[in-house]
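> output the structure for:
(one chain, ligands or ions: 1)
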Amino acid sequence: MASAVSRPCRAYHRAVSTPAHPPIRRIALSTGGGDAPGLNAVIRAATLAAHNLGWDVVGIRDGFNGLLSPEEYDDGGVISLSRDRVRGIVHLGGTILGTTNRGNPTRYPVERADGTVVEIDRTPELLDRFAERGIDALITIGGDGSLSIGHHLNVAGLRVIGVPKTIDNDLEATMSTFGFDSAVSFASECIDRLFSTATSHGRVIVVEVMGRYAGWIALHSGVASGAHAILIPEIPFDLTPVAETIAHRNELGSKFSIVVVAEGATPLGGGHSTIEAAGQGHSERLGGIGSKVADELERLTGKEARTVVLGHLLRGGSPTSFDRLLALRFGAAAVRALADGLDGRMVCLAGDSVNHVSLADISGKQKKVPLDCDTVRTAREMGISFGDLQG
Ligand code: F6P
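Residues are numbered from 1 along each chain as shown. The predicted structure is shown next:
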């Protein structure tokens, strides 16, 4: 009886090769930026789809660090992705490849002998490493930073397909990124739990969620779980109308209120609440807006307020079935795109289909919450305050 390992696989798709796109023998997968539930599902689908075309698949450790600094890894920084290696990982959070948001090869921080840190462009070296290892194409799975790097590498000559990942859902041209649904589901469950303690104590509870410059997580989890106010980066807030909403609820006998605030929300005329300013090789770290909002609401309403910061909990855990399926579809579509001879594209969700768009078109762009979108309108019509003049 033939074993599952030795059984030849049926090729469902035939790879196209042209003079501009010679046949692919080996591809690399890389996961970059903050992790998101669903990364492992992309890795599995892409690996299986590529093997079915007869391609070899390798995974680069920690973004591109495995290629740039192989001496730092016991396994040489690049691992073979066999069918066995990607078995049983679809439901696992995180990424089996590791990730980093401090390893941009175009602005790689290097410490000099005198202790100062400078940023250097290691693109030519990185391209050499791809060539030395016989890697014909890259599937880069990441957010805005990783996709911009992917675009840069593509312009420099590497065949690249991007896969959009982020719990923040702030990437252009895709209806959703994988990771977002898992983050929203978990945030909603947490807010549900906070309702009971807020009700019992008659308190205001402010829930701070991730969402650096876009308020998708705050908006969706806030509306889904029935929050009374939602503060998002797209609508600079004034806490007076929020305090009025809380006071009005109090008068009507609802002594508690739930406020969801995105980490990147800003007061009218004010700036971001940061834990660490942007530095060499990394962007600014946001945080702290939840407790500022709670303190101010306590002052304005006279009600006891508490803050819960969900932070990195939103990035952990098993992906929802929606995210698993989306991630699997994205992984297979990325390989399909390469097999079709495409290059410099990002797979995306367009209605019911997975399609692709040019990396050049989405690179450096962010998808903000449109203020006239149906979810914002729904929230307003239900009396949820956004801390602006409309309530
Ligand atoms: O981009 C996703 C995200 O979760 C942001 O919402 C958040 O600001 C950021 O990552 C935090 O990343 P880290 O703490 O890993 O640097």
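> and the stretch 51-200 of the chain, which residues reach the ligand?
Taking C-beta under 6 Å from any ligand atom as the measure of proximity, the stretch 51-200 of the chain contacts the ligand at 101, 143, 166-168. C-beta here means a position set from N, CA and C on the backbone, and glycine is covered the same way.
> please report which of these has the highest neighbour count.
Comparing those on neighbour count, Ile167 comes out first with 31 neighbours (neighbours: other C-beta atoms under 10 Å).
> need the phi and psi values for that one.
phi -70, psi -20 (degrees, to the nearest 10).
> got a list of what it touches?
For Ile167, the contact set (C-beta atoms under 8 Å, 6 or more residues apart in numbering) comprises 34, 36-37, 177, 179-180, 182-183, 210, 217, 314-315.
> quick one on the thing from earlier: mind listing which of the residues of the stretch 51-200 of the chain next to the ligand are in helices?
Per DSSP state H, helices hold no members of these.
> about what we covered before: from the contacts of Ile167, which land in helices?
Those of these lying in helices (DSSP H): 180, 182-183, 217.
> quick one: which two of those residues are the most distant?
Ser182 and Ile217 (10.5 Å; C-beta to C-beta).
> beta partners of the residue in the stretch 251-391 of the chain positioned nearest to the ligand?
For the stretch 251-391 of the chain, the residue closest to the ligand is Leu286, as judged by C-beta to the nearest ligand atom, at 5.2 Å. Taking DSSP bridges as the rule, Leu286 bridges to Thr274.
> let me see the contact set for it.
So Leu286 contacts 212, 263-264, 272-275 (C-beta under 8 Å, 6+ apart).
> make CSV from those residues and add distance to Ala49, pLDDT and neighbour count to it.
Listed next are the contacts of Leu286 as CSV, based on distance: C-beta to C-beta, whole Å; pLDDT from 0 to 100; neighbours: other C-beta atoms under 10 Å:
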residue, distance to Ala49, pLDDT, neighbour count
Arg212, 32, 91, 21
Glu263, 36, 98, 28
Gly264, 36, 97, 25
His272, 40, 95, 17
Ser273, 43, 94, 20
Thr274, 41, 93, 15
Ile275, 40, 92, 10
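> what subset of these is also close to the ligand?
Residues of the contacts of Leu286 in contact with the ligand (C-beta under 6 Å from any ligand atom): 212, 263.
> can you report phi and psi for Gly279?
Dihedral angles (degrees, to the nearest 10) for Gly279: phi -140, psi -170.
> same thing with Thr301?
Dihedral angles (degrees, to the nearest 10) for Thr301: phi -110, psi -20.
> any idea how far it is from Asp238?
14 Å (C-beta to C-beta, to the nearest Å).
> can you map out the helices along the stretch 151-300 of the chain?
With DSSP state H, counting those that start in this stretch, the ranges of helices along the stretch 151-300 of the chain come out as 180-201, 216-225, 239-251, 289-301.
> with respect to Ala15, which of the contacts of Ile167 is nearest?
Comparing those against Ala15 with C-beta to C-beta places Thr177 closest, at 27.1 Å.
> next, count neighbours for the closest one.
28.
> quick one: residues contacting it.
36, 143, 164-171.
> try 7 Å this time
By C-beta atoms under 7 Å, 6 or more residues apart in numbering, Thr177 lies in contact with 164-166, 169, 171.
> which of those residues sits closest to the ligand?
Set against the ligand, the nearest of the contacts of Thr177 by C-beta to the nearest ligand atom is Thr166 (5.1 Å).
> what sits closest to the closest one if chain neighbours are left out?
Gly143 (4.0 Å; C-beta to C-beta, 6 or more residues apart in numbering).
> also Gly316?
Spatial nearest neighbour of Gly316, excluding adjacent residues (C-beta to C-beta, 6+ apart): Gly93 at 5.2 Å.
> I'd like the distance between the one you found and Gly142.
Gly93 is 16 Å from Gly142, where distance means C-beta to C-beta.
> with neighbour numbers in mind, choose between the two.
Gly142 (26 against 17).
> which residues does the more buried one bridge with?
What pairs with Gly142, by the bridge criterion (DSSP bridges), is Pro164.
> re earlier: which of the contacts of Thr177 sit farthest apart?
Maximum pairwise distance in the contacts of Thr177, criterion C-beta to C-beta, is 10.3 Å, between Lys165 and Asn169.
> neighbour-wise, which of these two wins?
More crowded of Lys165 and Asn169, by other C-beta under 10 Å: Lys165, with 32 against 26.
> thought that one was touching Ala41?
No - the criterion here is C-beta atoms under 7 Å, and Lys165 misses it with Ala41 at 10.6 Å.
> interface residues of the stretch 201-350 of the chain facing the ligand?
So the stretch 201-350 of the chain meets the ligand at 210-212, 263, 285-286, 315 (C-beta under 6 Å from any ligand atom).
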